[in-house]
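**Q** Give me the fold of what follows.
(2 chains)
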Amino acid sequence: MNAALMLTKIRQMVRSFGLPRIIIALFLFSLFILAPFFNVNVATSLSDTLNRFGMNAVLVLAMVPMIHSGCGLNFGLPLGIISGLLGATISLQVDVAGPASFWLAILFATPFALILGWGYGQLLNRVKGGEMMIATYVGFSSVAFMCIMWLLLPFNNPKMVWGFAGSGLRTTISTEGYYLHVLNDFLKIRIGNHFIFPTGMILFFTVLAFAMWAFLHTKTGTAMTAVGSNPVFARASGIDVDRIRTLSVVLSTWLGAIGILVYQQSFGFIQLYMGPFYMALPAVSAILIGGASVNKASILNVIIGTFLFQGILTMTPSVMNAMIQTDMSEVIRIVASNGMILYALTRKTEAAR
Amino acid sequence: MRELSTKQKILRFMANNTVPLLFVVIIAFGVPLSGYSPTYLAGEVISRISRNTFLIVSLLIPILAGMGLNFGMTLGAMAGQIGLIFTTDWGIVGIPGILLAMIVSTPLSILLGWWCGKILNMAKGREMVTSYIIGFFMNGIYQLVVLYGMGPLIKIISPNLLLPRGYGIRNTVNLIGIRKSLDNFLMIRIGGVPIPVGTFLVIALLSVFILWFKKTKLGQDMRAVGQDMEVARAAGIRVEHTRIMSIIISTVLAGYGMIIYLHNIGTLNTYNSHMQIGMFSVAALLVGGATVASAKIRNVFLGVVLFHLMFIVSPMAGKRLIGQAQLGEYFRVFVSYGVITTSLVLYEVRKKRERGMSGLALAQDQEVTS
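**A** So this is what the prediction gives:
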């Protein structure tokens, strides 16, 4: 009888956690176990995973406000990324060397994120129910529009523009000499030869994540959750639904801008033009792998999801390559991440209006 | 209803055809700027009509069934490409090669379409974004099959097709055997412009099929389902089945369309060709004045001409205007995505307004009765 009770309990846990998540978690776990047998260094792998976690976590965190307010998955993340890119390029144009350039980039990115986010929010308020498809295409068209702008805007720092033409930004710009590894190297802890803990980057994410958690527990934050779970009820209790939704979109866009700056300082390059094009999909699938659904997400989902997703991205190339002498990681990434999004989209949710 | 004045009629016409009119304006500036000769442009446009129309027509049936723009048409494109890989491997050339590729692609398309329809039935109300992700997901499976499965599991005879490592298809497959064979069948020239009558006949046949299909029982069912699923269900229509059928037909047609498209181009980019096709087809259809809720054959033809005219002239126009061809290329990408975004937004706004109006009408009715 006890065993039967256990079984139902386990079944319940599986159901609440979702089968695809368990498969992905087990897959990652087995990769870590298999790694030493194929001469893959676990310490390096863990260090890489942590590093990539830090790089991407803020971008994943950017999903949270919009999911909370019922705007769905933010496929329009490229818009936030573009604000970040504008901040980054202007900061490099001003040509302040060292860590100050990172904070300057955040400062310059903020007004763009606020304005673009506000406009994007206004647009999404007019298309309730169809947000996700429109968000996707808002992202795409803004990336394409900025491609034109990167060519035409009057930047002239020789480290950024094409050498032979003297105008038009390069497709990739190095952050070396500016904010390369400013967060990575801040208070970093080296354990052994292979493991580096990027304290600054993780700390930066922790601060933002805590701020987001605290915000969701303020009056406005609770109102946001109310709007997301039942807009009719929220309106009846006197909440200005459209204003709250706009606020959530602005927050998402701003976090997207910060997220790409964190990403760049670790990655070492600013990727312009078609760079931000498909950046929304990994962030979306990461938060879904972490246990979020189309209308529910928590900070814990962000942390678990980013770790699992980035863990698989780091582990599959090295372990699979050693195991079967072929690099199938790209295929696994495509199938796992898009499969996860499909799974979430086909769940029945009350948000399906 | 009172008669509308001419001015009001013009205004309404403009409001209903914003996107095509905007394109006419862009082209009116772009064509003289590019400096291309009319003969060259006519030839290019005709070649693109023959290349793309079949693909775009495949989008019509799901719109009829109220499922929006079927971004999952990439599934059909993948099936078509697999058909082409096999026929190239078997060395069957000319029109028989095209026909055989179509025959091979059909069961695959049906299977994929059925699966896609099943998934879309689980995601009612957000079919478009779901079909879009399905395209990405299937791309992963496609790569698994073509890049790893072909060779060891699925027999490929010709070593020219395989990567040097012994398995997986090469990045580009030369379709020299079937290249333009349908286009050159019954090719005529009018004033130096080649016209592929063979392909046009196939397209005409397809258009007649679509017009006929809309009048059949299944076509009528689809229209009913598209208007209101619940009413259709009450009327005894098998809603889920009808929706799956519409996606299957769309996928099969997209497969044929992809084969015609690639036979005109002559090379298959094994891992890229299918990815862009959905976006370009959808954009062209919308440029022709179609909406998410209604699309007709004439939208397809108008769309192909306008969209591809813009596509041909914009790099050259950008080069002449600012000295950078790259600019024109980014411009046309921006316009393609911009058109899709605008149409989607207009559709949602209109849907919301109609819902609001029907709510008001209901309130009025109740006031009268009480």
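**Q** So which bits of chain A are right by chain B?
**A** Of all the residues in chain A, those in contact range of chain B (CB under 8 Å from any CB of the partner chain) are A:75, A:123, A:126-130, A:132-134, A:136-138, A:140-141, A:144-145, A:147-148, A:151-152, A:168, A:281, A:326, A:328, A:330-335, A:338-339, A:341-342, A:345-346, A:352-353. Placement of C-beta: from N, CA and C, glycine included.
**Q** If any of those residues are buried, give me the PyMOL selection for them.
**A** Selecting only the buried entries of the residues of chain A next to chain B in PyMOL, with 16 or more other CB atoms under 10 Å in any protein chain shown as the criterion:
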select buried, chain A and resi 75+123+127+128+129+130+132+133+134+136+137+138+140+141+144+145+147+148+151+168+281+328+331+332+333+334+335+338+339+341+342+345+346
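**Q** So which of the residues of chain A next to chain B belong to helices?
**A** Counted as lying in helices by DSSP state H, out of those, are A:123, A:126, A:132-134, A:136-138, A:140-141, A:144-145, A:147-148, A:151-152, A:281, A:330-335, A:338-339, A:341-342, A:345-346.
**Q** now the residue in the stretch 201-350 of chain A that chain B sits nearest to, nearest residue through space, not along the chain?
**A** Of the stretch 201-350 of chain A, the residue with the smallest distance to chain B, taken as CB to the nearest CB, is residue A:334 at 3.3 Å. Of all residues not flanking residue A:334 in the chain, residue B:140 sits nearest, at 3.3 Å (CB to CB, 6 or more residues apart in numbering or on different chains).
**Q** what about that neighbour, is that helix, strand or coil?
**A** helix (DSSP: H, G, I helix; E, B strand; the rest coil).
**Q** Show the contacting residues for it.
**A** A:331, A:332, A:333, A:334, A:335, A:338, A:339 (CB atoms under 8 Å, 6 or more residues apart in numbering or on different chains).
**Q** Now residue B:103: closest residue in space that isn't a chain neighbour?
**A** Nearest-residue entry for residue B:103: residue B:83, 7.6 Å, with adjacent residues in sequence omitted and distances by CB to CB, 6+ apart.
**Q** and that neighbour, how many neighbours does it have?
**A** Residue neighbour count, defined by other CB atoms under 10 Å in any protein chain shown, stands at 26 for residue B:83.
**Q** just checking, next helix/strand downstream of the helix or strand hosting it?
**A** In this assignment (DSSP states H and E), residue B:83 forms part of helix B:73-90. Using DSSP H and E, the helix or strand that follows helix B:73-90 in sequence is helix B:94-122.
**Q** What is that next one packed up against?
**A** For helix B:94-122, the packing partners by 3 or more CB pairs under 8 Å, 6 or more residues apart in numbering or on different chains; DSSP states H and E come out as helix A:329-346, helix B:73-90, helix B:127-143, helix B:181-184, helix B:239-265.
**Q** which residues of the chain score low on pLDDT?
**A** Assuming you mean chain A. Screening chain A residue by residue with the criterion pLDDT under 70, one finds the ranges A:1, A:348-353.
**Q** Chain B is the one I meant
**A** Scanning chain B for pLDDT under 70 picks out B:1-4, B:368-370.
**Q** which residues of it fall in strands?
**A** If you assign secondary structure with DSSP state E, the strands in chain B sit at B:172-174, B:187-190, B:193-196, B:267-269.
**Q** Save those strands as JSON lines, and put in distance to residue B:236 too.
**A** Output for the strands of chain B, formatted as JSON lines (distance: least, CB to CB, whole Å):
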{"stretch": "strand B:172-174", "distance to residue B:236": "48"}
{"stretch": "strand B:187-190", "distance to residue B:236": "50"}
{"stretch": "strand B:193-196", "distance to residue B:236": "45"}
{"stretch": "strand B:267-269", "distance to residue B:236": "45"}
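**Q** can you tell me which of those comes nearest to chain A?
**A** Judged by CB to the nearest CB, the one of these that comes nearest to chain A is strand B:267-269, at 16.4 Å.
**Q** Report the contact partners of the residue nearest to the spatial centre of chain B.
**A** Averaging the C-alpha coordinates of chain B gives a centre point, and the residue nearest to it by CA atoms, centre = their mean is residue B:56 (3.0 Å). Under the criterion of CB under 8 Å, 6+ apart, the contact partners of residue B:56 comprise B:257, B:281, B:284, B:285, B:300, B:303, B:304.
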